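J.: Dropping the sequence and predicted coords here.
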Amino acid sequence: YLITAFVALTMLCTPVFAYNFNGGELFTIDLPEGFEQTKYSDTSYGFENSDGVLLDISFKKNDEGFCVKGMSEKDIKAYKDDFASDVETAMKAYELQIESEFISCEKVKTDDGATALSSVVKTTIKKGERAETYYQKIYEFGGVNNKYTFTLSTTNEKYLNCLDESFSSIVLNEATLR
């Protein structure tokens, strides 16, 4: 009975991955069951599940030399300040009231050993009487050739950690910038 109970509990705790997604030979990521590809372009992929959780993966030339491994606390603060400036620009351009805050912003390692900048952001967008709150978990990598951004977006905070194991499974097929 104990062995059967142990096996049953182990099966419940083991994440089920539907497939290992290959992003044009640039990267791979394990995606859980239920995430379907909804968009594709030359520089991005989009996925969504039935709970409305979105995963956006984008990549562009790393012309600015984005390098996570060498980021200091001062660099992370400057990154967050740049983000706030971008939010302010968006508010003016789209005539929206946007309140955005970093819940966390830190360097993390993936299972592959790459270093990513992991940020959790809560954003409330108001237009007139209508307001909506979004939660995002963002993993950013600076490769020698490309900058990669993996973004989970949800309106329900309880789904914020649903892709943590997927984020840890990211493998870049190029060296990270050092």
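T.: All right, it came through fine.

J.: Next, count neighbours for Ile125.
T.: 18 (other CB atoms under 10 Å). From N, CA and C alone the C-beta is placed, and that goes for glycine too.

J.: what's near enough to touch it?
T.: 96-98, 131-134 (CB atoms under 8 Å, 6 or more residues apart in numbering).

J.: can you pick the most crowded of those residues?
T.: Tyr134 (16 neighbours).

J.: partner residues bridging that residue?
T.: Beta bridges link Tyr134 to Thr123 when assigned by DSSP bridges.

J.: what about it, distance to Glu99?
T.: 11 Å (CB to CB, to the nearest Å).

J.: Now do the shared contacts for those two.
T.: By CB under 8 Å, 6+ apart, Tyr134 and Glu99 have these common neighbours: 123-124.

J.: wait, Leu55 sits on Thr154?
T.: No. If you go by CB atoms under 8 Å, Leu55 and Thr154 don't touch, sitting 9.9 Å apart.

J.: Compare the two (neighbour count), which wins?
T.: Leu55 (26 against 21).

J.: three-state assignment of that one?
T.: Secondary structure for Leu55, judged by DSSP: H, G, I helix; E, B strand; the rest coil, is strand.
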